[in-house]
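>>> Sequence and predicted structure are below.
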Amino acid sequence: MKKGTHPLALGLVLVSSGALLHTSSGCSLDERDLSAFQSTATGPEKLRAVLLDATRPARLRADAALNLLDLERPDIHGREVLFSDLKRLSSQARNQIVPTFQAGLATRMLTGRYRAPTESALRAKDAGVELLPMLGESERNQLGAEILGWMVEDLDARADRGVYSLEAVAERMGAQAAPVLVKALSAELTPRNLDRLVQIIDARADGPTRASVAVRLVQVEGDYRSLRQRRVIEEQLRREGAIAAGTDSTLVEAQIDARRKDALQKRLLPALGRFADQPAARARLLAIAEQPTYELEERTQAFGELEGHVEVSQIPALLKLALDDKTPVNVREMAIARAGESRSRDLLPSLLILTSDHLHAGLRQKAAELLLEIGGPQSLQAFFRALPRQWNMNFAKSEIDAYSARVDRFPSDISLLLLLGEKVHSVFWWNRVIALRYFAARGTAEDAWRIRQHLSDLIPITGEGWPTEYTVGNEAEAALAIALERFRRP
């Protein structure tokens, strides 16, 4: 509306326009007539009259809406007028014009690949986005899919142009945005765009959609390991200007390798981790972790992404890896950690075997901790038997601290006190230390004599983290101080 125009005057214009448009001769308007209205003085009001006229065909009203959108005049803002009038329509009337309106927007959005969209295309896209909240579910999904499809066709050129970004459009569509975006997941995308789509999908996907995403991501991850993908990556790098004409082939190959590695480790494996609640993603992550020809960094990362998502059916494969002395030790450690998340007592035999490992402290400690946590007090005797028994055996202070912390949680009973009463006199210093600490944490005043017996114990304690020339006697002194302080507390 022009500034200063009285509402009544405008109403008269619209009424008169409507009267002019409904001639007694039965003449009907067509698309050419509506286009001509864009340049006449009263044309915009006539277009509005058509849009608001419930007796007009839906297709004609949609064409009037599109012509309002296209208005480029100093005296009227077509888009503002259009949406002002669209809000006046009933929901049924808005839904009826969607097919023609959508087709018109699609025509206006036509843009060549890798070319910046025109202002007309962006205006059409943004108009469609603004219309979404006004539509019924079916019509909203149909128009939203059209807009999202256009944006993901060339993410670099379209995802952030205009008023509404890709994320904003997905927000307006809600859960229905996810299935549309899943179709766009492809190894043809740049790693950054792939990651962007995955994040948007993850925030909105329901159960069935998550399953399809996992399957698609497994395909994309597999494609990234193919020879064909090297050509795709090279094309991406050249398009971005990272590879100039005449660049040495060795340098080109190095850049391709770097992009591929970055995509796998920083984009695709984390993406599979986001969907590790789905069987396809879980299975692929375990397959990567098992594959000896893959880079060690990828294998350990795959285990990390599996955290909290291991299936019972995968435990045998994890145990096989953990027990295989030809497998890198950090992979074995992560395998036993993932298997341990099941807290299944079926793990105990394998955990005992690993607890006896005298070469790999990290693997031994992880297995022994799980043994004590899963097996409880009943596993303690087997734990002591399984620990390596070499005379020159060293145990880091952190390892003994970890074992003691778990043993100290066991409630005292006769059988446990008898076992630890025996271990406090063991020939191995580590057994004595664990037993002394238990009596300090759980023993009664009558058990203090067990600790006092070792105040002069000169057996040396050896391993990383212990004080120099530290002995079992020193440990007994510390244990006694803890016990006496505990006895003094109410």
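Nice, I can see it.
>>> Could you look up the SS state of Leu286?
Per DSSP: H, G, I helix; E, B strand; the rest coil, the local secondary structure of Leu286 is helix.
>>> Does it touch Ala317 like I think?
Yes: here Leu286 reaches Ala317: they are 6.3 Å apart, a contact under CB atoms under 8 Å. Just so you know, the C-beta spots here come from the backbone N, C-alpha and C atoms, and that holds for glycine as well.
>>> which of the two has more neighbours?
Set Leu286 next to Ala317 and count neighbours by other CB atoms under 10 Å: Leu286 wins out with 23 against 16.
>>> distance of the more buried one from Ser84?
Applying CB to CB, to the nearest Å, the value for Leu286 to Ser84 is 57 Å.
>>> Show me what the host helix or strand of Asp156 is packed up against.
For Asp156, the host element (DSSP states H and E) is helix 155-158. Counting contacts by 3 or more CB pairs under 8 Å, 6 or more residues apart in numbering; DSSP states H and E, helix 155-158 is packed against helix 191-204.
>>> Of all the helices and strands in this protein, which has the lowest average confidence?
Ranked by mean pLDDT, DSSP states H and E, the weakest helix or strand in the chain is helix 7-21, scoring a mean of 40.
>>> just how off-centre is the following helix or strand past that helix within its chain?
The element immediately downstream of helix 7-21 (helix or strand, assigned by DSSP H and E) is helix 31-36. For helix 31-36, the separation from the chain centroid amounts to 50 Å (computed by CA atoms, centre = their mean, to the nearest Å).
>>> Okay, buried residues for helix 31-36 please.
Of the residues in helix 31-36, Asp33, Leu34 count as buried by neighbour count, 16 or more other CB atoms under 10 Å.
>>> Rounded mean pLDDT for it, please.
Average pLDDT, helix 31-36: 74.
>>> Check the gap between the closest residue to Tyr403 other than its chain neighbours and Ala211 for me.
Leaving aside its sequence neighbours, Tyr403 sits nearest to Ile434 (CB to CB, 6 or more residues apart in numbering; 5.8 Å). Going from Ile434 to Ala211 by CB to CB gives 47 Å.
>>> The two: which is more packed in?
Ile434 (25 against 17).
>>> That one is in contact with Lys423, isn't it?
Yes: here Ile434 lies in contact with Lys423, judged by CB under 8 Å, at a distance of 6.9 Å.
>>> Quick one: residues contacting Leu351.
Residues in contact with Leu351 (CB atoms under 8 Å, 6 or more residues apart in numbering) are Ile336, Gly340, Ala367, Ala368, Leu370, Leu371, Ile374, Gly375.
>>> Give me the contacts around the host helix or strand of the last one.
Counting by DSSP H and E, the element that carries Gly375 is helix 361-375. The set of residues external to helix 361-375 that reach it, using CB under 8 Å, 6+ apart, is 322, 329-330, 332-333, 336-337, 340, 343-345, 347-348, 350-358, 379-380, 382-383, 386-388, 395-396, 399, 402-403, 406-407.
>>> same deal with stretch 253-270?
191-192, 194-195, 198, 217, 220-221, 224-225, 229-230, 233-234, 236-237, 242-243, 285, 288, 295, 297-298, 301-302, 305.
>>> So for it, first residue to last residue, what's the gap.
25 Å (CA to CA, to the nearest Å).
>>> same question for that stretch, mean pLDDT?
On average, stretch 253-270 scores 96.
>>> Return the set of buried residues in it.
Counting neighbours by 16+ other CB under 10 Å, stretch 253-270 gives Gln255, Ile256, Arg259, Arg260, Ala263, Leu264, Arg267, Leu268, Leu269 as buried.
>>> Extract the C-alpha trace of stretch 193-213 and format it as CSV.
The C-alpha trace of stretch 193-213 is given here as CSV (Å, rounded to 0.1, in the frame of the first residue of the first chain):
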residue,chain,number,x,y,z
ASN,A,193,29.5,-30.4,3.1
LEU,A,194,29.1,-34.1,4.0
ASP,A,195,29.7,-33.3,7.6
ARG,A,196,27.2,-30.4,7.4
LEU,A,197,24.4,-32.7,6.1
VAL,A,198,25.2,-35.4,8.7
GLN,A,199,24.8,-32.9,11.5
ILE,A,200,21.5,-31.6,10.2
ILE,A,201,20.1,-35.1,9.7
ASP,A,202,21.3,-36.3,13.1
ALA,A,203,19.4,-33.6,14.8
ARG,A,204,16.1,-34.5,13.1
ALA,A,205,16.1,-38.1,11.9
ASP,A,206,13.6,-40.6,13.4
GLY,A,207,14.3,-44.3,13.8
PRO,A,208,13.7,-45.5,10.3
THR,A,209,15.5,-42.5,8.8
ARG,A,210,18.5,-43.2,11.1
ALA,A,211,18.7,-46.7,9.8
SER,A,212,18.8,-45.5,6.2
VAL,A,213,21.4,-42.9,7.1
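>>> just how off-centre is that stretch within its chain?
On CA atoms, centre = their mean, the centre of stretch 193-213 falls 8 Å from that of its chain.
>>> Just checking, which helix or strand succeeds the helix holding Gly375 along the chain?
Heading C-terminal from helix 361-375 (DSSP H and E), you reach helix 380-386.
>>> Following the chain past that following helix, name the next helix or strand.
Helix 380-386 is succeeded, C-terminally, by helix 397-407 (DSSP H and E).
>>> okay, the angle between the helix or strand just after that following helix and helix 397-407?
Next along the chain after helix 397-407, taking DSSP H and E as the criterion, comes helix 414-423. On the basis of axes from the mean of the first three to the mean of the last three CA atoms, to 10 degrees, helix 414-423 is oriented at 150 degrees to helix 397-407.
>>> gap between the closest residue to Leu185 other than its chain neighbours and Ala184?
In space, and not counting its chain neighbours, Leu185 is closest to Arg216: 4.7 Å by CB to CB, 6+ apart. Distance check for Arg216 against Ala184: by CB to CB, it reads 10 Å.
>>> Same check on Gly43?
40 Å.
>>> One more: Ile451?
Separation of Ile451 from Ala184 (CB to CB): 68 Å.
>>> Which parts of the stretch 1-150 of the chain are helices?
Taking DSSP state H, counting those that start in this stretch to define them, one finds helices in the stretch 1-150 of the chain at 7-21, 31-36, 43-52, 58-70, 78-88, 91-109, 119-131, 137-153.
>>> Quick one: list the elements packing against the third one.
The reference is to helix 43-52. Where contact means 3+ CB pairs under 8 Å, 6+ apart, helix 43-52 is packed against helix 7-21, helix 31-36, helix 58-70, helix 78-88.
>>> mind running it again at 10 Å?
helix 7-21, helix 31-36, helix 58-70, helix 78-88, helix 91-109 (3 or more CB pairs under 10 Å, 6 or more residues apart in numbering; DSSP states H and E).
>>> Name the residues that touch the second one?
By CB atoms under 10 Å, 6 or more residues apart in numbering, the surrounding residues in contact with helix 31-36 are 21, 27, 29, 43, 46-47, 50-51, 59-61, 63-68, 70, 104.
>>> run the last query once more with 6 Å
Contacts with helix 31-36, where a contact means CB atoms under 6 Å, 6 or more residues apart in numbering, come from Asp63, Ala64, Asn67.
>>> Next: the last one.
Counting by CB under 6 Å, 6+ apart, the neighbours of helix 91-109 from elsewhere in the structure are 58-59, 61-62, 65-66, 120-121, 124-125, 128, 134, 136, 139, 143, 146, 150.
>>> Which of the residues you listed are buried, as a ChimeraX select command?
Of those, the buried ones can be selected in ChimeraX as follows, counting by 16+ other CB under 10 Å:
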select :58,61,62,65,66,120,121,124,125,128,134,139,143,146,150
